[in-house]
Structure formats: C-alpha cells, structure tokens
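> Build me a model:
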Amino acid sequence: MNQPDSSGVRDKVSDAWVLAVADDAKRRGGERLHVWVTSQEKPWAAPFPIPQPGQPSRADGPVVVAVAWFEPASAAWTETLTGSRCEAQVEAAILLGLPRWPSATHPARVTTWGVGLGATGLALHDPTGHVFAYGVAEIPSTWATAARALGAVAVVYGVGPLQQAVHSEPLPAQRLTEARREGTVAAAWVPLLE
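Have a look, this model is predicted:
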C-alpha cells in the first residue's frame with residue numbers, strides 16, 4: 001500500500017522536491033479523463049442514467065452530479081525526507097489546496113479550484129487560475145447538464161491502481177474506490193467555469 005505520511009507534518013524540502021518531480025512528470029504526459037454522472041450521496045459510485053428531457057423524473061430522488069477524474073497518464077512516485085512514498089502530482093495538487101480524498105469521507109467544497117468545459121474536454125484550474133490538468137474526451141450532454149444544473153463538479157485528481165492487460169478495464173468508479181483506500185487521490189466539489 002502506498003500510504004502517504006499521515007502525521008500531517010510537512011517539511012519544505014520534501015514539498016519542494018515533490019513539486020519538482022510533479023513538474024517533470026507533467027512535461028512527460030497529460031491526463032486521462034474519466035467522466036460520469038451519479039448521485040450526490042455517492043459521487044464515487046458507478047454511473048447511472050440521467051433522465052432525458054421529456055422523460056419523467058422522481059422529484060424526491062437524489063440530485064444528479066457530474067464527476068470528472070483527471071488521472072495522470074504516468075505516475076511519478078517519489079519519497080519524502082520522512083521516508084513516506086507518495087505520488088508527486090497528487091501531492092502537488094494537495095499542496096495547492098485540493099484535499100486528499102480518503103475512504104469513508106465526502107469530498108470537501110473548494111472554491112479556489114474550478115473545472116472549465118471546453119470544446120475538446122475539461123480543464124482543471126488551480127487557485128492561480130492556471131490549468132493544472134487537461135483531459136481530452138467527448139463530454140456527454142448528460143454530464144454537462146448535471147454540471148450546469150448544480151454549477152459544480154465532483155472533481156478528482158490522482159492515480160488509480162495499475163490496470164492489468166489480461167483483464168478488461170474495470171469501471172473508473174471501481175478503480176477510484178481502490179485509489180481512495182491507497183490515499184492516491186485528491187478531490188473536492190469545485191465550481192464549473194464557463
């Protein structure tokens with residue numbers, strides 16, 4: 001298991017090292033983008049269909065939310081001065097204010113980050129307004145409708161467990177559950193930027 005240092009103590013040398021490793025990794029590759037819609041109660045759960053316009057919907061049902069998982073194409077594992085192993089790109093996001101997303105917790109609300117909906121995919125903007133991650137994908141209209149209705153997206157940034165070539169790729173939501181257990185993702189409800 002790749003548990004990050006849980007002491008909560010950060011040291012500036014390790015933080016600087018993590019940022020340098022993350023910057024190098026970002027130059028080598030981009031992010032895979034996984035998008036789905038689900039209920040607000042369980043944003044990490046498997047996708048479910050959103051009623052199309054004109055279809056009846058349950059007024060008392062759960063609110064539908066848009067989920068966007070930006071997953072670095074290649075992990076940048078490194079070690080801090082305290083000896084804890086971490087993924088540098090995820091730690092860089094955490095240093096910039098995107099909270100780690102452990103198991104059994106709901107994502108925090110963060111207004112300093114945002115997700116922009118573009119013609120070819122989604123951009124994750126950090127607190128400085130710069131694009132921290134970008135994923136190219138066709139965004140389903142149901143996803144965009146859910147994001148616009150709430151004005152927010154459940155955004156995840158981080159690495160999931162390695163995929164095995166022998167088996168078909170599991171649903172992103174299943175891999176996300178494992179990544180949360182391992183402490184290799186950060187997440188929050190962030191504003192939709194348009």
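> Any buried residues in stretch 177-192, and which?
For stretch 177-192, burial by neighbour count (16 or more other CB atoms under 10 Å) applies to 177, 179-180, 182-192. Placement of C-beta: from N, CA and C, glycine included.
> which non-adjacent residue is nearest residue 132?
Sequence neighbours aside, residue 126 is the residue nearest to residue 132 in space, at 4.1 Å (criterion: CB to CB, 6 or more residues apart in numbering).
> go on, residue 98?
residue 186 (4.2 Å).
> who touches the one you found in this structure?
90, 93, 94, 98, 99, 100, 101, 156, 157, 158 (CB atoms under 8 Å, 6 or more residues apart in numbering).
> what does residue 137 give?
33, 35, 121, 122.
> what's the answer for residue 151, then?
Counted by CB under 8 Å, 6+ apart, residue 151 has contacts 191, 192.
> Could you measure from it over to residue 194?
9 Å (CB to CB, to the nearest Å).
> partner residues bridging the residue nearest to residue 98?
Note on residue 186: beta-bridge partners by DSSP bridges are residue 100, residue 157.
> which regions of the protein sit below the pLDDT cut-off?
Low-confidence segments of the chain (pLDDT under 70): 1-29, 40-62, 80-81, 162-171, 173.
> Let's see that with 80 instead.
1-30, 39-63, 74-86, 103-106, 161-177, 180, 183 (pLDDT under 80).
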